[in-house]
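> build the 3D model from these lines:
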Amino acid sequence: MENNTSCVIRKYIPNDRPAVRRISVQTALMGDPGTVFFDDDETLADALTIYFTDHEPGSCFVAVCGGKVAGYVLGATDVRRMDKIFGTKILPFLLPKAFRRGTFLCRKNLRFLFHVFLSLLKGEFRTPVFSEEYPAALHINIDKEFRALGIGSKLIHVYLDYLKKEGVAGVHFATMSEKAAGFFEKNGFRRLFSGKRSYFRYFLGRDLLLAIYGMRLAPAKAQVCPQR
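The predicted structure follows:
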């Protein structure tokens with residue numbers, strides 16, 4: 001697919017991995033660089049992208065503009081499978097790697113993790129489970145220089161078409177960006193849950209809205225009653 005900006009939306013390929021990781025770090029804080037709160041780009045990129053690029057690359061798409069990866073939508077068709085793989089395969093790999101890199105010796109990183117832990121104790125990570133009706137997930141970001149070109153909407157629509165072809169019933173995801181929330185609503189998603197996150201308050205000076213959005217893609221399977 002092409003548009004007036006000479007951008008093409010296509011399937012993710014392994015050669016896209018460095019660009020996807022770079023964009024994930026450069027957009028980690030509501031579209032701004034993650035270096036504001038975390039001082040290890042390698043570990044941050046691992047946490048944000050490694051499931052998608054290494055365990056479910058077939059559900060990922062990139063926008064390429066002028067030969068450069070300008071953005072991505074990374075997808076998971078089954079959130080429960082993603083969470084299981086993250087807990088059993090990815091986390092046991094990430095933690096030792098981060099220790100070897102000295103990630104937990106950095107004061108900035110420890111401060112961020114401490115505030116995440118406080119947020120966890122306050123129950124801010126307790127949210128309704130939507131994986132039954134909305135089993136898929138997505139993670140989307142656009143490189144700063146390519147924003148406001150309509151790339152995000154094109155990526156979303158390509159991903160939704162992919163999920164429909166795969167027979168996935170629905171998709172849901174969370175965002176802490178109010179600007180992004182408006183974008184998702186314009187693209188047909190509805191808000192399923194609103195909460196807050198306080199772990200960025202120590203340098204932003206405010207809590208952030210957590211909004212979970214979803215979209216149904218196929219009717220729920222009807223239960224078949226046994227014949228008497």
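> number of nearby residues for residue 97?
13 (other Cβ atoms under 10 Å). From N, CA and C alone the C-beta is placed, and that goes for glycine too.
> what helix or strand is it located in?
For residue 97, the element it lies in under DSSP states H and E is helix 91-101.
> which strands and helices lie in contact with that helix?
The contact analysis (3 or more Cβ pairs under 8 Å, 6 or more residues apart in numbering; DSSP states H and E) places helix 91-101 against helix 41-55.
> can you find the helix or strand of the protein with the lowest average pLDDT?
helix 178-186 (a mean of 89; mean pLDDT, DSSP states H and E).
> who does whichever helix or strand comes after that one touch, helix- and strand-wise?
Going down the chain from helix 178-186, the next helix or strand is strand 190-197, by DSSP H and E. Applying 3+ Cβ pairs under 8 Å, 6+ apart, one finds that strand 190-197 contacts strand 208-216.
> surely residue 197 meets residue 174?
No: the criterion here is Cβ atoms under 8 Å, and residue 197 misses it with residue 174 at 9.4 Å.
> and the most centrally placed residue in the chain, how far from residue 82?
For the chain, residue 139 is the residue whose C-alpha lies nearest the centre (Cα atoms, centre = their mean; 2.6 Å). Residue 139 sits 10 Å away from residue 82, going by Cβ to Cβ, to the nearest Å.
> and if you look at residue 45?
Counting by Cβ to Cβ, the gap from residue 45 to residue 82 is 17 Å.
> hey, what's in contact with both of residue 197 and residue 174?
residue 210 (Cβ atoms under 8 Å, 6 or more residues apart in numbering).
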